[in-house]
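>>> Kindly return the folded structure for what I paste below:
(chains A and B)
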Amino acid sequence: MGETFMKKLLTAAIAGLGLALTATAVSAQAPSTLAQVKQRAMVNCGSNTGLAGFGVPDAQGNWVGLDVEYCRAVAAAIFNDPAKVKFIPLSAKDRFTALQSGEVDLLVRNSTWTMTRDAALGIVFTGVNYYDGQGFMVRKKLGVTSALQLSGASVCTQQGTTTELNLADFFRANNLKYEVVAFASSDETVKAYDAGRCDAFTTDASGLYAERLKLTTPDDHMVLPEIISKEPLGPSVRNNDPQWFNLVKWVHFAMINAEELGVTKANVDEMLKSPNPEIKRLLGTEGKFGETIGLTTDWVYRIIKHVGNYGESFEKNVGQGSLLKIARGQNGLWTKGGLQYAPPVR
Amino acid sequence: MDHSTTGGGASTVAGSRAATSDEEGVKTVSTIPTETVQPGKASLFYDPKIRGYVYQFALLAVVGFLIWSAASNAIENLRAQKIASGFGFWHNAAGFDVNQKLIPFSASGSTYGQAFYVGLLNTLLVASIGIVLSTFLGFFVGVSRLSSNWVLSKLAMIYVEVIRNLPLLLQLFFWYNAVLKPLPDARNSIALPGSIYLNNRGLIMPNPQFGPAFQAVVIAFFLAVVLAIAFYIWSKKQQERTGTQYPNGSITFGLILGLPLLTYFIAGQPLSFDLPQQGRFNLTGGLQIYPEFVALLIGLTTYTAGFIAEVVRAGILAVSRGQTEAANALGLRAGPTLKLVVIPQAMRVIIPPLTSNYLNLTKNSSLAVAIGYPDLVQVFTGTVLNQTGQAVEVVAITMAVYLTISLVTSLFMNIYNKRMALVER
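All right, here's what the predicted structure looks like:
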């Protein structure tokens, strides 16, 4: 009893001192993330503060978007209920701290997979759910047709992003002068650009199209053709729980495999009777693959039934079914010339 | 928010004072019974003085243990979570740019450590200018509020009530948009006399280029300051001895302005200007004052001035009316009465709360992050923290910096306060 009292006292004192804010939340022998999620009956998902197509609350206050559906797929796989997700909006600046400290179970928020982030932040990326690259948006009346003509321009960007670093690289590599104006939130960045503080606005190309919709007169602005970086965007989890890492990673692979095998939201019930052994393993009518990552055998059925396959999610949120109308391009399946490729379920 | 922090500081001071007076109380209590009752040699266990030391030592040990265990717990957990720790990142290449910088900084080759200094200097710049401006504005408004001019005093009252009762963050957003929105874009700058241009990228003015002979002008300036002080001391003594008054103001002014100007022309005008030129997007060259800086400075100055005005008003009201009447009876006019009689006495009341307002201004400057001004919090706790992921170290450094700035400010204000305090015998 004395020991527990001391522990309580210690915890209280530490909290009181406000020291080691991020570290104390997770003790060295933390229970598994999946167990915590099941106990809470809710997945805490770090989300964008509002980026059309990826993560944004709609008019009814429901979160929608490609990244949001990833979290819903995780919830569907665990609880058979895509609504058991709590979305926690995070700015670019705060996102990794929130993941490190255990405030969110996974972060699906247009975050670029880089070496530093994998190695030094105590987090690990599970894959790439959107291949992106950084671009520029300018006012049409400037008469600029290429990013190489931006010498002397002032550029608005969001701080704490790879965007900020690529921007510096691009202007340095091309020996161009520029002035950077960095803001903490994407909203402030877009507002400042809209107010004329900057000549150009830079972020990932997908984000440019999404943010353009927020401007007062979207048609006065254009996206320049250059893509100046590789931005593999994907979900990340803490680097101390291999089971949870596997679960989050395989949710994406399941959605890609489903698309590849032609399993859709509409036909998934029929597909349960499919004789194709690959589909049988995927949907759990043969083998117990789901149990190896702490789930039920019908985990993929649940994902597809509630959310759909990767292609469906893409078209609905950022593709032809959305305002953004982004082509599949690099995000197409490997069988169709894209980069999306998933290891087999076996 | 602001007051609670300063209130906390005040209460610890009061607390320590109470503790010392308690000790004295204990001493007297302990001496009386030993003299009257004489219970023989009390054991050390019952000696209140020893007990006091034991309790204090125990408290110190507990606090020390808590700090140590929190720190070691943090280090252990960071290791367990595979998060990089330590201060090695300080010398790593930063790879990002900052627009407003007082020291050279660029994406090529500058380190996170240099980014820290860029942010720190920007914080100190806006805080120091803000402190000076808000003091002037605050004194003006505070005195105006007591003015017999009805319009002036009501205007001052409205200013104080409006400014003090709106959140500072909101005011910053207001100023940022109020500064940005009405200004023309970079291609249609407003041209002011003297090659100064104003647009929504800021105020662009000629950048002075100092020739090598300019040093002579600087030396002349300092020489003039020394001479002016020497003359002031001499004239004071002379006045005390003979009663003759010298035109101190105009002589000081003439010296400080005249001597450097004379040197400047003798040295062959060693000063040229880099004039702003219209470039493709914006004016290039020249010295640029960024709108973020202007908005933050206006916001902090007007906000803090509202509080200083009330401090000044309270200080002046604390001086008994009899003092003014006595000064009037001696034949002093309103100006000298205020300058020689009221303000010096009011200062004793004004300085301590003024200090906490200075500290608040410095701490509030961290709200710069909302409007994109690259201060310490924006550059270091924002970008550097995010690029390195080392939250504990970066936040600890930032807290240490603000603590240092605040303690140094307090120290100087306390020294000044001691000089101004009423000398009692």
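
>>> Number of residues surrounding the residue of the stretch 251-400 of chain B found nearest chain A?
For the stretch 251-400 of chain B and chain A, the shortest gap (Cβ to the nearest Cβ) falls at residue B:386, measuring 3.0 Å. Bear in mind the C-beta positions are built from the backbone N, C-alpha and C, glycine included. A count of nearby residues for residue B:386, using other Cβ atoms under 10 Å in any protein chain shown, gives 25.

>>> now do residue B:319
Residue B:319 has 18 neighbours, counted by other Cβ under 10 Å.

>>> wait, what's in contact with residue 184?
Picked chain A for this. A:91, A:93, A:158, A:159, A:160, B:369, B:370, B:372, B:378, B:382 (Cβ atoms under 8 Å, 6 or more residues apart in numbering or on different chains).

>>> I was after chain B.
B:190, B:199, B:200.

>>> closest to residue A:300 among the contacts of residue A:184?
residue A:91 (33.5 Å; Cβ to Cβ).

>>> Looks to me like the closest one is in a helix.
No. Counting by DSSP: H, G, I helix; E, B strand; the rest coil, one finds residue A:91 to be coil, located in no helix.

>>> Which residue, other than its chain neighbours, is closest to it?
Distances taken as Cβ to Cβ, 6 or more residues apart in numbering or on different chains put residue A:185 closest to residue A:91, at 5.1 Å, once the chain neighbours are dropped.

>>> Check the gap between that neighbour and residue A:92 for me.
8 Å (Cβ to Cβ, to the nearest Å).

>>> Now do the shared contacts for these two.
Shared contacts of residue A:185 and residue A:92, counting by Cβ under 8 Å, 6+ apart, come down to residue A:158.

>>> So which residues of chain A form strands?
Here chain A has its strands, by DSSP state E, at A:43-47, A:56-57, A:63-64, A:85-89, A:106-107, A:123-125, A:130-132, A:134-139, A:153-158, A:178-183, A:200-204, A:221-223, A:231-233, A:236-238.

>>> Point out the one among the ones you listed that comes closest to residue A:319.
Closest approach to residue A:319 among these (Cβ to Cβ): strand A:130-132, 11.4 Å.

>>> buried sites along that closest one?
The neighbour-count check on strand A:130-132 (16 or more other Cβ atoms under 10 Å in any protein chain shown) flags A:130, A:131, A:132 as buried.

>>> repeat for stretch B:108-128
Under the neighbour-count criterion of 16+ other Cβ under 10 Å, stretch B:108-128 has B:110-127 buried.

>>> If I follow the layout properly, residue A:54 ends up in contact with residue A:69?
No. If you go by Cβ atoms under 8 Å, residue A:54 and residue A:69 don't touch, sitting 9.7 Å apart.

>>> Which residues of the stretch 151-300 of chain B lie near chain A?
B:177, B:180-181, B:185-186, B:200-201, B:279-282, B:284, B:291-292 (Cβ under 8 Å from any Cβ of the partner chain).

>>> Spell out which residues of the stretch 151-300 of chain A are next to chain B.
With Cβ under 8 Å from any Cβ as the criterion, the stretch 151-300 of chain A comes near chain B at residues A:151-154, A:159-161, A:164-165, A:167-169, A:171-172, A:177-184, A:188, A:192, A:195-197, A:199, A:238-240.

>>> which of the residues you listed are buried?
Using 16+ other Cβ under 10 Å as the burial test, those include A:152-154, A:159-161, A:164-165, A:167-169, A:171, A:178-184, A:188, A:192, A:195-197, A:199, A:238-240 as buried.

>>> can you list the residues of the stretch 301-425 of chain B near chain A?
Contact residues of the stretch 301-425 of chain B with respect to chain A, defined by Cβ under 8 Å from any Cβ, are listed as B:369-372, B:374, B:378, B:382-383, B:385-392, B:395.

>>> Try it again at 6 Å.
B:369, B:372, B:382, B:383, B:386, B:389, B:391 (Cβ under 6 Å from any Cβ of the partner chain).

>>> Looking at those residues, which is nearest residue B:76?
Nearest member of those to residue B:76, counting by Cβ to Cβ, is residue B:391, at 16.0 Å.

>>> For residue 44, give me its contacts.
Picking chain A for this. Residues in contact with residue A:44 (Cβ atoms under 6 Å, 6 or more residues apart in numbering or on different chains) are A:86, A:104, A:105.

>>> that's the other chain; I wanted chain B
Per Cβ under 6 Å, 6+ apart, neighbours of residue B:44: residue B:50.

>>> you'd agree residue A:190 is up against residue A:211?
Yes. Shown here, residue A:190 and residue A:211 form a contact pair, counting by Cβ atoms under 6 Å, at 5.1 Å.

>>> tell me the two of the residues of the stretch 301-425 of chain B next to chain A that are most distant?
Every pair of these checked by Cβ to Cβ; the farthest is B:372 and B:389, at 22.3 Å.

>>> Export the buried residues of strand A:130-132 as TSV, with columns for distance to chain B and pLDDT.
Shown next, in TSV, are these (distance: Cβ to the nearest Cβ, whole Å; pLDDT from 0 to 100):
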residue	distance to chain B	pLDDT
A:130	20	95
A:131	22	95
A:132	19	93
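
>>> Quick one: end-to-end length of stretch B:270-277, please.
End-to-end distance for stretch B:270-277: 22 Å, by Cα to Cα, to the nearest Å.

>>> ugh, wrong one, stretch A:226-237
End to end - Cα to Cα - stretch A:226-237 spans 31 Å.

>>> What does residue B:379 show for phi and psi?
phi -80, psi -50 (degrees, to the nearest 10).

>>> mind giving me the domain ranges of chain B?
B:1-40, B:41-80, B:112-206+B:275-420 (automatic domain parsing).

>>> Show me which positions of the second one end up buried.
Buried residues in domain B:41-80, defined by neighbour count with 16+ other Cβ under 10 Å: B:66, B:69, B:70, B:71, B:73, B:74, B:77, B:78, B:80.

>>> With distance to residue A:37, secondary structure and pLDDT added, can I get those in a markdown table?
Listed next are those as a markdown table, based on distance: Cβ to Cβ, whole Å; DSSP: H, G, I helix; E, B strand; the rest coil; pLDDT from 0 to 100:
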| residue | distance to residue A:37 | secondary structure | pLDDT |
| --- | --- | --- | --- |
| B:66 | 32 | helix | 94 |
| B:69 | 30 | helix | 92 |
| B:70 | 28 | helix | 90 |
| B:71 | 31 | helix | 87 |
| B:73 | 25 | helix | 88 |
| B:74 | 25 | helix | 85 |
| B:77 | 21 | helix | 82 |
| B:78 | 24 | helix | 83 |
| B:80 | 20 | helix | 80 |
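
>>> Okay then, goodbye and thanks.
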